[in-house]
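J.: With the sequence up front, the predicted model follows.
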Amino acid sequence: MKIADLALIEGRRYPAGRRTQNIVGGASPISASNFCMGLVTLDPRGGQVPWHNHEQEEVYVILEGSAELCVGEERGMITAGQAVYIPSGTYHQLTNLADLACRMIYCFGPAGEVAHWRQELEGTLPLPGEGTPPLPTTDPLTA
């Protein structure tokens, strides 16, 4: 039996203020060909999964806290107990604006490394509106 124990998975710190621990795929003892899964902790006041896209479909599940979510042309808040679907090829970003950490699970498929991890570590991730679409400006639910 393969078990991924988050207490034993150090994970990786990213410049945008987050820690990612692989549950399935990457450095985890569990691998799958159809999906990857991990736990992300966003630092208070600005921890982020930066604006990026990839060919995999993805779901974010917020476990603790809240964060501002941009998906395509939409922008709004997502809170603990909520999940969001991110279609293949769609730009997305998650930013913790609160004073407490935000923890979320991501799951995407098919499995594989997404380019934004490497680009962020190398400092080559394009900024919104500079080689990528701009961030959405308003929440469509309140506009």
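T.: Noted; the coordinates are in hand.
J.: make it CA atoms for all contacts and neighbour counts henceforth
T.: Will do.
J.: now the strands for this structure?
T.: 12-14, 18-24, 36-42, 48-52, 57-64, 66-71, 74-79, 83-86, 92-95, 102-109 (DSSP state E).
J.: tilt between the last one and strand 66-71?
T.: Right, the one you point to is strand 102-109. If you take axes from the mean of the first three to the mean of the last three C-alpha atoms, to 10 degrees, strand 102-109 sits at 30 degrees to strand 66-71.
J.: just checking, what packs against strand 102-109?
T.: strand 36-42, strand 57-64 (3 or more C-alpha pairs under 8 Å, 6 or more residues apart in numbering; DSSP states H and E).
J.: Let me see the mean pLDDT of the longest one.
T.: The one in question is strand 57-64. Strand 57-64 shows a mean pLDDT of 98.
J.: got it, and stretch 6-25?
T.: Stretch 6-25 comes out at a mean pLDDT of 96.
J.: Please identify the most buried of the helices and strands packed on strand 102-109.
T.: strand 36-42 (a mean of 24; mean count of other C-alpha atoms under 10 Å).
J.: Work out the gap between it and the centre of the chain.
T.: Distance of strand 36-42 from its chain centroid, counting by C-alpha atoms, centre = their mean, to the nearest Å, is 7 Å.
J.: Sheet partners, orientation included, of that strand?
T.: Using DSSP bridges, the strands paired with strand 36-42 are strand 18-24 (antiparallel), strand 102-109 (antiparallel).
J.: So which residue is dead centre in the chain?
T.: residue 49 (4.7 Å; C-alpha atoms, centre = their mean).
J.: Can you read off the pLDDT for the residue nearest to that residue when sequence neighbours are not counted?
T.: Residue nearest to residue 49 in three dimensions, not counting chain neighbours: residue 94, with 5.1 Å by C-alpha to C-alpha, 6 or more residues apart in numbering. At residue 94, the model reports a pLDDT of 98.
J.: Before I go, just wanted to say thanks for your time.
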